[in-house]
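> let's see this in three dimensions:
(one chain, ligands or ions: 2)
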Amino acid sequence: MTVRVGILGATGYTALELLKILVRHPEVEVTALTTRQEDRPHLSAIHPQFHKVLDLHLENWGPQEVAQRCDCVFGCLPHAASASVIPEFLEAGLKVVDLSADYRLNDPAVYTQWYGGEHPDAERMKTTVYGLPELFREGIAEAQLVANPGCYPTGVSLALAPLLKNGLIRADGIIADCKSGVSGAGRTPKLGTLYPECNESFSAYGVGTHRHMPEIEQNLTVYSGKQASVIFTPHLVPMDRGILSTCYALPDQDASEKELLALLEETYASEPFVRVRSDLPATKHVSGTNFCDITVRRVKDRVLTISAIDNLIKGASGAAVQNFNLMYGFAETTALL
Ligand SMILES: NC(=O)C1=CN([C@@H]2O[C@H](COP(=O)(O)OP(=O)(O)OC[C@H]3O[C@@H](n4cnc5c(N)ncnc54)[C@H](OP(=O)(O)O)[C@@H]3O)[C@@H](O)[C@H]2O)C=CC1
Ligand SMILES: CC(=O)N[C@@H](CCC(=O)OP(=O)(O)O)C(=O)O
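Numbering: from 1, shown residues only. Ligands and ions are numbered 1, 2, ... in the order given. Model (predicted):
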């Protein structure tokens with residue numbers, strides 16, 4: 001079976017990583033790439049990596065033109081822009097994996113509080129399946145629309161959720177201290193991601209206000225059944241890619257480091273993309289892969305988790321293909337290992 005795939009927002013970084021994976025996918029033919037540019041740029045002019053690999057032009061197509069050529073689309077658009085077009089693809093019968101934040105939260109009021117403005121498709125967001133298979137596999141295979149998780153919430157939730165659910169850490173007082181490479185901010189130019197602004201500099205941003213805080217809390221709360229409260233602080237690190245998340249939690253039971261590690265190992269024993277390890281994860285160990293590496297430590301009166309992902313792969317495009325594989329009944333690891 002060949003699935004005809006389109007990518008919306010094909011000039012960006014997540015689209016680039018998606019294409020690198022999809023050209024290796026035996027069941028996929030890429031048939032549409034969109035941009036707002038009017039001059040039909042060739043793919044190799046936008047992403048020179050595909051010179052003599054994929055002979056396609058990017059087109060300023062709307063949903064109807066894309067829907068005629070595709071069975072499934074990956075949405076690589078900014079939030080709000082995404083939800084303004086996705087309903088048309090769903091009405092045309094296509095499957096959609098949305099990499100934006102538009103369908104991740106399940107409460108429209110929380111969306112309005114953190115993203116501003118009314119959600120353009122509020123009823124649908126309440127019931128959209130959240131595509132983090134290791135924690136919420138149920139429903140992905142049958143879903144027409146899957147909300148791909150945020151990059152920071154992926155690393156943090158995979159590390160903390162099993163410990164919380166099993167009563168090993170408390171739901172209150174959690175701190176998630178996270179560092180991201182600059183590609184996390186996308187390819188669209190911004191002052192803060194210009195080379196002289198971010199090179200040789202390490203800075204916090206979005207302190208107390210970052211929109212991934214409610215997404216992390218939602219994941220932990222839904223998975224564990226306990227109302228989680230998290231202080232999330234992201235930092236920008238002068239590297240291309242990768243996220244390292246160090247999380248601090250109060251123990252709920254006096255479990256040893258060995259017991260904490262054993263719980264994580266047991267939880268993820270059959271998960272191909274989560275590697276629980278006793279040594280310390282690093283972004284370099286997962287760069288270019290769909291792995292999330294996790295460890296856990298007891299330090300004084302705290303439990304610490306440390307996890308590493310590639311923001312563009314397990315934090316975005318790799319996870320999107322993992323969801324796509326589940327939605328079409330392909331082996332979950334297809335094109336990803
Ligand atoms: N970068 C990352 O690590 C991660 C990103 N994400 C999310 O994935 C999505 C894509 O991210 P990323 O690829 O990094 O972003 P980029 O900025 O690299 O690319 C986004 C693309 O969307 C198009 N676009 C921008 N604004 C609009 C608009 N108003 N209407 C329609 N199209 C628009 C642009 O294409 P053009 O100008 O050619 O029209 C642009 O190339 C975002 O929602 C992002 O938040 C999620 C997880 C991780
Ligand atoms: C370094 C950097 O800027 N990272 C981005 C990551 C967000 C992202 O891409 O996720 P969404 O899909 O939820 O927007 C940020 O903090 O906004």
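
> and the helix or strand containing Gln218, what does it pack onto?
Element membership of Gln218, judged by DSSP states H and E, is helix 212-224. Applying 3 or more Cβ pairs under 8 Å, 6 or more residues apart in numbering; DSSP states H and E, one finds that helix 212-224 makes contact with helix 108-115, helix 133-136, helix 151-165, strand 230-236. Where C-beta positions appear, they are placed from N, C-alpha and C, glycine not excepted.

> what about Asp301, neighbour count?
Applying other Cβ atoms under 10 Å, we find 7 residues neighbouring Asp301.

> repeat for Gly208
8.

> so what pairs up with the closest residue to it other than its chain neighbours in the strands?
Nearest residue to Gly208, sequence neighbours excluded (Cβ to Cβ, 6 or more residues apart in numbering): Ile231, at 7.5 Å. Note on Ile231: beta-bridge partners Ile175, judged by DSSP bridges.

> now Ile231: how far from Gly315?
20 Å (Cβ to Cβ, to the nearest Å).

> who's more crowded, those two?
Gly315 (30 against 13).

> is that one in a helix, a strand, or coil?
helix (DSSP: H, G, I helix; E, B strand; the rest coil).

> contact partners for the residue nearest to it when sequence neighbours are not counted?
Distance criterion Cβ to Cβ, 6+ apart; nearest residue to Gly315, sequence neighbours excluded, is Cys151 at 3.1 Å. By Cβ atoms under 8 Å, 6 or more residues apart in numbering, Cys151 lies in contact with 180, 184, 212, 243, 309, 311, 315-316.

> may I ask which of these has the most neighbours?
Ile309 (35 neighbours).

> I figured that residue hits Ser287, correct?
No: using Cβ atoms under 8 Å, Ile309 is not in contact with Ser287; the gap is 9.6 Å.

> list the contacts for whichever residue of the chain sits closest to ligand 1?
Nearest residue of the chain to ligand 1, counting by Cβ to the nearest ligand atom: Gly12, 2.1 Å away. Going by Cβ under 8 Å, 6+ apart, Gly12 touches 76, 186-188.

> swap in 7 Å and give it another go.
Contacts for Gly12 (Cβ atoms under 7 Å, 6 or more residues apart in numbering) come out as 76, 186-187.

> still on that earlier bit, how near is the residue nearest to Gly315 to Gly318?
Counting by Cβ to Cβ, the gap from Cys151 to Gly318 is 11 Å.

> what does the stretch 1-150 of the chain put close to ligand 2?
Neighbours of ligand 2 within the stretch 1-150 of the chain, by Cβ under 6 Å from any ligand atom: 79, 100-101, 150.

> 5 Å instead?
Applying Cβ under 5 Å from any ligand atom, we find that the stretch 1-150 of the chain lies next to ligand 2 at 101, 150.

> helices along the stretch 1-150 of the chain, start to end?
For the stretch 1-150 of the chain, the helices defined by DSSP state H, counting those that start in this stretch cover 13-22, 43-46, 63-69, 81-91, 108-115, 122-127, 133-136.

> and the fourth one, C-alpha only, in PDB?
Extracted as PDB, the C-alpha positions of helix 81-91 are listed here (Å, rounded to 0.1, in the frame of the first residue of the first chain):
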ATOM      1  CA  ALA A  81      -2.500  28.900  11.100                       C
ATOM      2  CA  SER A  82      -2.800  25.200  11.400                       C
ATOM      3  CA  ALA A  83      -6.300  25.000  13.000                       C
ATOM      4  CA  SER A  84      -7.600  27.400  10.300                       C
ATOM      5  CA  VAL A  85      -7.000  24.800   7.500                       C
ATOM      6  CA  ILE A  86      -7.000  21.400   9.100                       C
ATOM      7  CA  PRO A  87     -10.800  21.100   9.300                       C
ATOM      8  CA  GLU A  88     -11.000  21.300   5.500                       C
ATOM      9  CA  PHE A  89      -8.500  18.400   5.200                       C
ATOM     10  CA  LEU A  90     -10.500  16.300   7.600                       C
ATOM     11  CA  GLU A  91     -13.800  17.100   5.800                       C
END
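
> anything in that helix near ligand 1?
Yes: with Cβ under 5 Å from any ligand atom as the criterion, ligand 1 is reached by helix 81-91 at Ala81.

> buried residues, that helix. List them.
81-83, 85-86, 89-90 (16 or more other Cβ atoms under 10 Å).

> near ligand 1, which of the contacts of Cys151 show up?
Okay, of these touching ligand 1 (Cβ under 5 Å from any ligand atom), that's 184, 311, 315-316.

> got CSV for these, with pLDDT too?
Below are these laid out as CSV (pLDDT from 0 to 100):
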residue, pLDDT
Gly184, 98
Asn311, 98
Gly315, 98
Ala316, 99
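
> just those residues that are near ligand 2?
Within the ones next to ligand 1 among the contacts of Cys151, those near ligand 2 by Cβ under 5 Å from any ligand atom are Gly184.
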